[in-house]
Each structure stands twice: as structure tokens, then as C-alpha cells.
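*Asks:* give me a 3D structure for the following:
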Amino acid sequence: RKRILWKHSGVLSCLPKLRFLNLYDDKLTGPIPVTFANLSKLKHLNIGQNQMHGNILSELGSITRLQVFSVEKNKLTGTLPESLFNLSTLQKLSIMTNQLTGHLPKDVGCFLPNIQVLFAAENELYGSIPEFLGCLKELKVLNLYDNKLMGTIPVTFVNLSKLEHLNIGQNHIHGNIPSELGSITRLQFFSVEKNKLT
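*Replies:* Residues are numbered from 1 along each chain as shown. Okay, the predicted model is just below:
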């Protein structure tokens, strides 16, 4: 039986001290409630593995203490709000396995100094992979598998000295694999399968 959390979502805005909210795999439907933006002290928000639809609200960018944000494995559509990439405290961002479109912000690496995990696989993202991703000094996992990304592999990835997992397979990336990537000594998993590399 499906449950619609959002019918009572106003209750959540009455919990101003809430720091941790995990609704993973609860068979929830409906859009993400805008009232989440009122949870100013929230650090962990996981609403993944449900059946939610609609957009990722730009208002969520006002939760400035957020460290973990996951909406993976839903039915979300629309483009990514740039406000989401301005959360300087964010350590894990997972938007994978939705129907999201648009491109990653070109300056994505400038405002996420603490990000360690970025999952954006299995969406409809297009455009080139931003070179500024190379500025994410704390990044350990980057998964952009199965999108519609184009362009070349950024040489700036060489700056990701803590990177352990890099998956940019099943896209439309062309060009060469930069030899400089061999200097990422902590890299344990690297996949560029199903692209147009030469």
C-alpha cells in the first residue's frame, strides 16, 4: 500500500530542531514538500527509494547545514537547481536513478568544498563534464554512469587526489583517456565503458 507523506508534511515544519530525517524505502508518493526548507537545522535528509515525482525544489538550498541529501531511486524530473550545489556543508549528494535532465553547473566544484560522495548515475543529464569538478578536493566517489554526457574527460580530475571510485561509463564522451589520471594513486575503481573514446 502506498503512503502519501506529504498530506501531513506541515507537521514536519513544526519540528525546528530536527537534524536527522530518514524516510528511505517507505513507499512514499507525491512531490517533495516545500516545507522541508523550513528545517533549518537538518543535517541528514534521505528520501530515496520511494515513488516521488516532480522537481527537486530550489528552496532546499536554504537548508544550509545539510551534510547528506539523497533522493535516489525515485521518479523525479526536471533540471537540477543550482542552489543545491551551493550547500558548502554537503558531504554526500545522491540523485541517482531518476529522470532528471539538464546539466551539472559549470562551477559545481567551487561551492562544495566538503563533498565526498556524488551519485548522479542513471538520469538524463547532458552537456560536458564540468572541469570545476576537479576542485572537489575531498571527493572520494564520483558516479555519473548512464547519462547523456558529452565532451572529453577533464584533465582536472588529476587534482582529485582522494578519489577512490570514478564511473563515467555509458555516456557519449569522446577523445582520449588522459594519461595524467594515472597519478590518482587512491583510485580503486575506474570505468569509462560504453563511450566513444579513442
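
*Asks:* so which elements touch the helix or strand bottoming out on mean pLDDT in the chain?
*Replies:* Across the helices and strands of the chain, mean confidence by mean pLDDT, DSSP states H and E is lowest for strand 29-30: a mean of 93. The contact analysis (3 or more C-beta pairs under 8 Å, 6 or more residues apart in numbering; DSSP states H and E) places strand 29-30 against strand 51-54. (Each C-beta comes from the backbone N, C-alpha and C, glycine too.)

*Asks:* just the residues contacting the strand it packs on, thanks.
*Replies:* 2, 27-32, 71, 74-78 (C-beta atoms under 8 Å, 6 or more residues apart in numbering).

*Asks:* so among these, which ones count as buried?
*Replies:* 28, 30, 32, 71, 74, 76 (16 or more other C-beta atoms under 10 Å).

*Asks:* identify, from those, the entry nearest to residue 107.
*Replies:* Closest approach to residue 107 among the buried ones among the contacts of strand 51-54 (C-beta to C-beta): residue 71, at 22.0 Å.

*Asks:* wait, isn't residue 125 in contact with residue 100?
*Replies:* Yes. Counting by C-beta atoms under 8 Å, residue 100 is a contact partner of residue 125 at 6.5 Å.

*Asks:* joint contacts of these two?
*Replies:* Going by C-beta under 8 Å, 6+ apart, residues that sit against residue 125 and also against residue 100 are residue 80.

*Asks:* so how many other residues sit close to the closest residue to residue 180 other than its chain neighbours?
*Replies:* Distances taken as C-beta to C-beta, 6 or more residues apart in numbering place residue 158 nearest to residue 180, at 4.3 Å, with adjacent residues excluded. The local packing count at residue 158 equals 16, with neighbours defined by other C-beta atoms under 10 Å.

*Asks:* where does residue 158 fall, helix, sheet strand or coil?
*Replies:* helix (DSSP: H, G, I helix; E, B strand; the rest coil).
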